[in-house]
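Colleague: Give the three-dimensional model of this entry:
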Amino acid sequence: MKDDRLVEMRIFRAVVETGSFSSAAHALGVSQPFVSQTIRRLEARLRAQLIHRTTRGQRLTPEGERFLDAAHRVIGAVEEAEALWQRKEAQIEGQLRVSTPIAFGLDRITPVVPEFLARHPNLSLDLRLTDDTENLIADGIDVAIRMGRLTDSGLMHRKLCRLRRIVVAAPDLVARHGTPQTVEDLSRMPCIAWDASREHLNRWSFLRNGEGLTFHARSRFRSNQGMSLFGMCLAGVGVMRAAEHLARPAIREGRLVQLLGDHAPAEDTAIHAVFLPDRDVVPRIRTLIDFLAAAFRTPDWED
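Modeller: Model prediction:
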């Protein structure tokens, strides 16, 4: 029988700490209806109103204040129990659920998993590869790998390495269409684009004479999956703005060439490990995050 009581407590605590249902949903990476339904289900089960809602905001009822105290104690006790049980590294055990984007997961996370498992024989790891942003609570994710700028949320995070994307194309495509000298020249070349769910990634940033400009990539081929897009780029179908961890090795091997490198902006995006508040005190989770941070401290794809 599925027991969601701890999930309900975490969501209730997030609503209280962030001040609203929408802010809690944003912080936890879930939908607002999911938060609302969870609180309604909790109140129905307890047969008590925990949060008094008005048009001007919300406040805890006396029952809500008592339940918040209980929730803090229960969540703290669960975390402390796991920490005490796994205090010594030899006792680090259990199951980890990790979510990662498909391309980075296949290209970079999967190759380092054997070493991690060899170091910790009592741990098992469930690696979920998806380009969707998973719900850490609802999907039971311990650590999620996120690429790009993080939204302002209540999730904790640790930077693994910086993330830069560069514009690349197969040599034969450049031979057919010529090397673009300006950003405007890209409009004459076929491009590779993400589908509508990731339309923001089709807006490529450039820098010219100290000023930023944006090129909107459009394509006859679109996909929601990064490795599919990269494969089409390697096949010479179109120009792509690809993450360096994929692009740089292919450039060194002569399978791709970089375009408009002198117009590339100094991006401040990064690859992060994100997790729920207080979960880094759980030894198996902290051990994984430390391992990933060490593995990508000096990325081998960077020049």
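
Colleague: pLDDT weak spots in the chain?
Modeller: Along the chain, the model assigns pLDDT under 70 to residues 1-2, 80-91, 151-154, 266-268, 278, 280-281, 303.

Colleague: quick check: domain ranges of it?
Modeller: 5-85, 91-158+269-295, 165-263 (automatic domain parsing).

Colleague: how about the ones you listed, which one is nearest Glu302?
Modeller: domain 165-263 (6.9 Å; C-beta to C-beta). Using the backbone N, CA and C atoms, a C-beta is placed for each residue, glycine as well.

Colleague: Give me the distance between the two termini of the closest one.
Modeller: 12 Å (C-alpha to C-alpha, to the nearest Å).

Colleague: Run a quick neighbour tally on Arg56.
Modeller: Neighbour count for Arg56, taken as other C-beta atoms under 10 Å: 6.

Colleague: Next, it: phi, psi?
Modeller: For Arg56, the backbone dihedrals (degrees, to the nearest 10) come out as phi -100, psi 0.

Colleague: can you give me the strands in the stretch 151-300 of the chain?
Modeller: Along the stretch 151-300 of the chain, counting by DSSP state E, counting those that start in this stretch, strands occupy 156-162, 165-169, 193-194, 203-208, 211-216, 222-223, 240-243, 257-258, 270-275.

Colleague: cool, the stretch 1-150 of the chain as well?
Modeller: Counting by DSSP E, counting those that start in this stretch, the strands of the stretch 1-150 of the chain are 51-54, 57-60, 94-100, 123-129, 143-148.

Colleague: Tell me which of those strands is the most buried.
Modeller: strand 143-148 (a mean of 21; mean count of other C-beta atoms under 10 Å).

Colleague: Pairing partners for it, with directions?
Modeller: The strands beside strand 143-148 in its sheet (DSSP bridges) come out as strand 94-100 (parallel), strand 270-275 (antiparallel).

Colleague: got a list of what the nearest residue to Arg119 once chain neighbours are set aside touches?
Modeller: In space, and not counting its chain neighbours, Arg119 is closest to Phe291: 7.6 Å by C-beta to C-beta, 6 or more residues apart in numbering. Listed by C-beta atoms under 8 Å, 6 or more residues apart in numbering, the contact set of Phe291 reads Val112, Phe116, Arg119.

Colleague: Which ones among these lie within helices?
Modeller: Val112, Phe116, Arg119 (DSSP state H).

Colleague: of the residues you listed, closest to Leu42?
Modeller: Phe116 (36.6 Å).

Colleague: what's near enough to touch the closest one?
Modeller: Leu123, Leu125, Leu288, Phe291.

Colleague: So for Trp301, which of the domains of the chain sits nearest?
Modeller: domain 165-263 (4.3 Å).

Colleague: how far is the closest one from where the chain is centred?
Modeller: Relative to the centre of its chain, domain 165-263 is centred 22 Å away, using C-alpha atoms, centre = their mean, to the nearest Å.

Colleague: residues of stretch 117-124 that come out buried?
Modeller: His120, Leu123 (16 or more other C-beta atoms under 10 Å).

Colleague: Which parts of the stretch 151-300 of the chain are helices?
Modeller: Taking DSSP state H, counting those that start in this stretch to define them, one finds helices in the stretch 151-300 of the chain at 171-177, 226-234, 244-252, 283-295.

Colleague: any chance of these in a markdown table, plus distance to Ile192?
Modeller: What follows is those, written out as a markdown table (distance: least, C-beta to C-beta, whole Å):
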| stretch | distance to Ile192 |
| --- | --- |
| helix 171-177 | 10 |
| helix 226-234 | 5 |
| helix 244-252 | 12 |
| helix 283-295 | 29 |
